[in-house]
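Visitor: structure for the following, please:
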Amino acid sequence: MAQRKRGKIINIASEYSRFGSGAVISYSAAKGGLVQLTKSSAIDLARYNIQVNAIVPGWITTDMTAPAQSGPFHDEIITRTPAGRFGEPEELAGTAIFLASRASDFVTGTIIYVDGGFAIR
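Guide: Numbers count the residues shown, from 1 in each chain. Coordinates of the predicted model:
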């Protein structure tokens, strides 16, 4: 990318990068580090016309979130999420396409939450 003077890097972070969790400490720390890596890399790579951004998925219906898709934690997630539901994997695609396209050439170091509003509460 540096040689070509053009490129896009899209990292996938987590809500836990913002909020942390006593249940998944190392995961939260790693995702928090990824957010800072995104920002720092955006600064470092801008001279090569490389944009570095991150997507923060909310509670998306996947195997990883299966334990949270029922029970009391599910109700807490739904209540906190203004959209009132879990997201679907394909709902992340538009953001990824935008960040990978020329339309985002002046977007770098940005963390985009695709979470149905979970992070605003």
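
Visitor: for the protein, longest helix please?
Guide: helix 25-45 (DSSP state H).

Visitor: packing partners of the helix or strand just after it?
Guide: Counting by DSSP states H and E, the element after helix 25-45 in chain order, helix or strand, is strand 50-57. For strand 50-57, the packing partners by 3 or more CB pairs under 8 Å, 6 or more residues apart in numbering; DSSP states H and E come out as strand 7-12, helix 25-45, helix 93-100, strand 111-114. In short, each C-beta sits where N, CA and C put it, glycine included.

Visitor: in the chain, what helix or strand scores lowest on average pLDDT?
Guide: The helix or strand of the chain with the lowest confidence, counting by mean pLDDT, DSSP states H and E, is helix 16-19 at a mean of 93.

Visitor: got a list of contacts for that helix?
Guide: The contact list for helix 16-19 (CB atoms under 8 Å, 6 or more residues apart in numbering) reads 24, 27, 28, 31, 32, 34, 35, 56, 119.

Visitor: buried ones among the residues you listed?
Guide: In those, burial by neighbour count holds for 28, 31, 32, 34, 35, 56, 119, counting by 16 or more other CB atoms under 10 Å.

Visitor: circling back to that earlier point, off-centre distance for the least confident helix or strand of the chain?
Guide: 10 Å (CA atoms, centre = their mean, to the nearest Å).
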